[in-house]
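Peer 1: task: produce atomic coordinates for the following.
(one chain, ligands or ions: 2)
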Amino acid sequence: MNTSEEIGMSEIKDLTLEEGLKESSSLLRGHLLEDLADAAPNLPGRSEHLLKFHGIYAQDHRDVRRERAQAGEVLDYIFMIRVAIPGGRLTSEQWLCLDEIATELADGSIRLTTRQAVQFHGVVKHSLQTLSAQLYQKTMTSFAGCGDVVRNTVMCPQLETDPNYRSIVSLAQNIATTYQPKTKAHWEIFVNGDKAATFESTAETDVEHEFYGDTYLPRKFKIAIAHPNENCVDVLAQDVGLIPATHPEVGAGFNVYVAGGLGRSYAQPDTFARLADPLTFVTREELDPLLRAILTAYRDLGDRTNRRRARMKYIAADLGLATFVREVESRLGSTLRAPLPLALGAAHDHLGWRTRPDGLLELGVRVGAGRVRDEVEGRGIRSALRTIAAARSINFIVTAQQDIVLTGITQQDKGFIDETLAAHGVRPVDALGLVERSALACPALPTCGQALAESERVLPNVVAQLEGSLASAGPRGKRLQLRMTGCPNGCARPAVAEVGIVGRTKNSYDLYLGGGLRGDRLAGLYQEKVKLDDLPSVLEPLLARWRDEGDEEESFGDFVTRVGIA
Ligand code: SRM
Ligand code: SF4
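Peer 2: Ligands and ions are numbered 1, 2, ... in the order given. Take a look at the predicted model:
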């Protein structure tokens with residue numbers, strides 16, 4: 001019996017509605033064209049799911065949802081567009097394009113994401129195609145930014161500028177090119193309206209990758225490439241994690257990790273966060289066939305009857321990793337080599353000035369919660385970055401910590417960059433607070449339809465509160481890693497943070513403790529339903545114990561784990 005038969009489908013369950021929508025969509029076209037063209041400010045449900053494959057989420061402004069509903073008015077329908085940026089790397093010219101879109105077609109902000117992508121919020125339906133066409137002109141796209149496909153691949157910024165890794169500098173881009181769906185639907189519907197006029201006949205002749213078929217993957221699929229010395233991308237939180245390494249027998253390649261993922265759901269207790277397991281070591285040549293074998297195993301074995309349990313981590317958890325490995329091996333036609341025993345390095349935040357190995361400079365700039373927006377019109381981080389992009393042809397790298405690295409700067413331009421940032425009130429890295437420096441928050445309210453509580457909007461207050469607690473009760477000068485989300489989907493990866501604050505109800509949060517900068521340990525649930533105002537009284541006794549009992553170099557996450565608090 002082969003592994004697929006062994007796994008079997010003992011129970012026949014109904015496929016989800018989304019599976020039917022994918023299958024009947026003529027490769028992601030559905031009724032999008034007509035639904036986008038009508039006068040309504042929103043799209044009917046039949047189009048909302050397909051829209052995600054095109055990188056677009058239908059939302060409504062939740063601050064005014066209740067009053068509009070009560071007044072019998074239509075909701076304030078808005079859309080979020082996620083631009084997939086492999087490895088987060090952009091040119092100055094592309095940054096200027098994003099900046100222009102933010103003013104003309106979105107809410108005036110550029111939102112850097114925890115997967116090195118960029119989001120626009122507050123876009124109205126009739127601007128979606130214009131926006132997509134503008135992205136396309138600068139070789140950017142939102143296609144496959146969301147949906148049941150391989151998502152934006154994240155990659156440590158340092159791999160992109162270190163000559164030791166020259167051979168893999170374009171790996172994130174290559175993965176994007178290989179796994180972007182082949183269907184022409186996006187280009188017809190969103191980019192080139194003329195072609196769309198004939199979409200029906202095109203749909204008949206259009207093709208899709210054999211590994212996607214017409215129902216694509218059961219759910220999203222995430223890949224990250226970490227630097228061997230540091231884990232800024234949270235490599236174990238991914239469906240597939242890659243760490244460059246050298247094998248004593250076969251030479252350079254990657255240690256491969258599988259079946260990580262952090263999302264959970266309160267409504268479904270059988271959902272959970274899971275760290276990826278080491279799978280194998282592959283050379284560069286062996287990587288592509290392996291990725292394909294993993295993907296097709298996921299495609300065929302993933303649960304298409306329950307989207308909450310459709311991620312690859314549940315296959316490994318339910319069947320056992322060994323069975324999953326056998327399935328991958330049978331698709332690959334060979335036995336997997338044992339992985340190397342690697343230890344993960346603590347995450348680097350890439351902030352501040354650094355000289356690249358080629359002598360050029362780079363500067364990591366902190367962007368609170370990834371929101372690039374001016375506080376006062378014409379003055380702030382957005383204007384500063386625009387000024388720099390307009391004046392200098394450099395690269396902008398979005399980091400998985402929601403920050404931006406300006407890279408490829410000459411020595412002569414250092415002064416100009418510093419002066420521009422200072423003139424716009426952007427604080428240098430040494431002026432950042434000990435919590436502020438690495439705090440992450442997801443967007444949550446008012447845009448995210450899944451948010452149970454605030455996150456990004458209250459982050460500055462929570463950071464200030466924690467910095468106060470740290471100063472009064474904690475050890476001197478030590479940093480604390482805070483991550484906050486408006487629900488347990490875990491978009492800012494609180495499940496691996498030293499302090500994870502996860503929205504539970506409108507006014508309360510579950511408090512997780514004990515993750516850390518290496519990203520190799522899940523945080524444990526410390527207290528449920530904590531009010532934000534009560535955080536100091538809950539955390540200060542623990543910070544005081546850390547101060548009094550912690551070892552000199554011990555982080556908070558390591559301390560609470562060692563003494564059994566979390
Ligand atoms: Fe996420 C859904 C925002 C990274 C787990 N995520 C969402 C949606 C699209 C809400 C929705 O489905 O309606 C959020 C959009 C809100 C808005 O208004 O913008 C959203 N996720 C984000 C971003 C923007 C958070 C951020 O602060 O940067 C990140 C965009 C990433 C990107 O560029 O592609 C983001 N999301 C993550 C991560 C972290 C990561 O990938 O490293 C996770 C946890 C890792 C994982 O996937 O397990 C994550 N997001 C989820 C989940 C839970 C999935 C699950 O396995 O159950 C959902 C819910 C869903 O998919 O239905 C979700
Ligand atoms: Fe929305 Fe929840 Fe993700 Fe925050 S964690 S963006 S509230 S889905």
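Peer 1: in the stretch 251-400 of the chain, which residue sits closest to ligand 1?
Peer 2: Residue of the stretch 251-400 of the chain nearest ligand 1, by C-beta to the nearest ligand atom: Gly263 (2.5 Å). Just so you know, the C-beta spots here come from the backbone N, C-alpha and C atoms, and that holds for glycine as well.
Peer 1: longest helix in this structure, by residue count?
Peer 2: In the chain, ranked by residue count with DSSP state H as the criterion, the top helix is helix 284-301.
Peer 1: now for the helix or strand following that one, which elements pack on it?
Peer 2: For helix 284-301, the following helix or strand on the C-terminal side (DSSP states H and E) is helix 312-319. Counting contacts by 3 or more C-beta pairs under 8 Å, 6 or more residues apart in numbering; DSSP states H and E, helix 312-319 packs against helix 284-301.
Peer 1: how about the helix it packs on, does it reach ligand 1?
Peer 2: No - contact of helix 284-301 with ligand 1 (C-beta under 6 Å from any ligand atom) is absent, the minimum separation being 12.8 Å.
Peer 1: so His126, which state does it fall into?
Peer 2: When classified by DSSP: H, G, I helix; E, B strand; the rest coil, His126 comes out as helix.
Peer 1: what does the model give it for pLDDT?
Peer 2: With respect to pLDDT, His126 scores 96.
Peer 1: got it, and Thr202?
Peer 2: For Thr202, pLDDT reads 69.
Peer 1: now do the one 4 residues further on
Peer 2: Among the per-residue scores, Asp206 shows a pLDDT of 89.
Peer 1: so who does it touch?
Peer 2: Neighbour list for Asp206: Ser26, Leu27, Lys182, Thr183, Lys184, Ala185 [criterion: C-beta atoms under 8 Å, 6 or more residues apart in numbering].
Peer 1: one more time with 7 Å
Peer 2: Leu27, Thr183, Lys184 (C-beta atoms under 7 Å, 6 or more residues apart in numbering).
Peer 1: check Ile404 too.
Peer 2: Leu112, Val365, Val367, Phe396, Ile397, Val398.
Peer 1: what's the average pLDDT for stretch 169-176?
Peer 2: Stretch 169-176 shows a mean pLDDT of 95 in the predicted model.
Peer 1: what about it, near ligand 1?
Peer 2: No - if you take C-beta under 6 Å from any ligand atom as the test, stretch 169-176 misses ligand 1, and the best it gets is 12.0 Å.
Peer 1: got phi/psi on Val123?
Peer 2: The phi and psi values for Val123, taken as degrees, to the nearest 10, are phi -80, psi 140.
Peer 1: for it, which non-adjacent residue is spatially closest?
Peer 2: Phe79 (4.5 Å; C-beta to C-beta, 6 or more residues apart in numbering).
Peer 1: that neighbour reaches Ser127, doesn't it?
Peer 2: No - with contact defined as C-beta atoms under 7 Å, Phe79 does not reach Ser127; the gap is 8.2 Å.
Peer 1: more crowded one of these two?
Peer 2: Higher neighbour count among Phe79 and Ser127: Phe79, with 24 against 18, using other C-beta atoms under 10 Å.
Peer 1: so the more buried one bridges to which residues?
Peer 2: According to DSSP bridges, the residues that bridge with Phe79 are Ala58, Val123.
Peer 1: give me every residue that touches it.
Peer 2: For Phe79, the contact set (C-beta under 7 Å, 6+ apart) comprises Ile56, Tyr57, Ala58, Gln59, Val123, Lys125, Leu128.
Peer 1: just the helices in the stretch 351-500 of the chain please.
Peer 2: 381-391, 414-423, 459-473 (DSSP state H, counting those that start in this stretch).
Peer 1: list the contacts of Ala369.
Peer 2: Gln402, Ala441, Glu456, Leu459.
Peer 1: okay, those residues in a markdown table with neighbour count and distance to Ala39 next?
Peer 2: Compiled in a markdown table, the contacts of Ala369 are given as follows (neighbours: other C-beta atoms under 10 Å; distance: C-beta to C-beta, whole Å):
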| residue | neighbour count | distance to Ala39 |
| --- | --- | --- |
| Gln402 | 26 | 37 |
| Ala441 | 29 | 36 |
| Glu456 | 26 | 32 |
| Leu459 | 24 | 38 |
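Peer 1: what residues does the stretch 251-400 of the chain have near ligand 1?
Peer 2: So the stretch 251-400 of the chain meets ligand 1 at Gly261, Leu262, Gly263, Arg311, Gly370 (C-beta under 6 Å from any ligand atom).
Peer 1: pLDDT below threshold where in the stretch 451-566 of the chain?
Peer 2: For the stretch 451-566 of the chain, no stretch has pLDDT under 70.
Peer 1: any residues of it in contact with ligand 2? List them.
Peer 2: Contact residues (C-beta under 6 Å from any ligand atom) of the stretch 451-566 of the chain with ligand 2: Ala451, Ser455, Thr485, Gly486, Cys487, Asn489, Gly490, Cys491.
Peer 1: now the two most distant members of the residues you listed.
Peer 2: Ala451 and Gly490 (12.6 Å; C-beta to C-beta).
Peer 1: in the stretch 151-300 of the chain, which spans are helices?
Peer 2: Per DSSP H, counting those that start in this stretch, the stretch 151-300 of the chain carries helices over the ranges 171-179, 185-186, 193-196, 199-205, 284-301.
Peer 1: with distance to ligand 2 and mean neighbour count added, can I get these in TSV?
Peer 2: What follows is these, written out as TSV (distance: least, C-beta to the nearest ligand atom, whole Å; neighbours: other C-beta atoms under 10 Å):
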stretch	distance to ligand 2	mean neighbour count
helix 171-179	22	19
helix 185-186	24	26
helix 193-196	31	14
helix 199-205	32	13
helix 284-301	22	19
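Peer 1: mind putting those helices into TSV with distance to Arg66?
Peer 2: Listed next are these as TSV, based on distance: least, C-beta to C-beta, whole Å:
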stretch	distance to Arg66
helix 171-179	40
helix 185-186	35
helix 193-196	37
helix 199-205	39
helix 284-301	40
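Peer 1: closest one to Asp430 among those helices?
Peer 2: helix 171-179 (30.5 Å).
Peer 1: follow-up on the earlier one: need the residues of the stretch 251-400 of the chain next to ligand 1 in JSON lines (columns: neighbour count and pLDDT).
Peer 2: As requested, those are exported to JSON lines (neighbours: other C-beta atoms under 10 Å; pLDDT from 0 to 100):
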{"residue": "Gly261", "neighbour count": "27", "pLDDT": "98"}
{"residue": "Leu262", "neighbour count": "27", "pLDDT": "98"}
{"residue": "Gly263", "neighbour count": "20", "pLDDT": "97"}
{"residue": "Arg311", "neighbour count": "27", "pLDDT": "98"}
{"residue": "Gly370", "neighbour count": "26", "pLDDT": "98"}
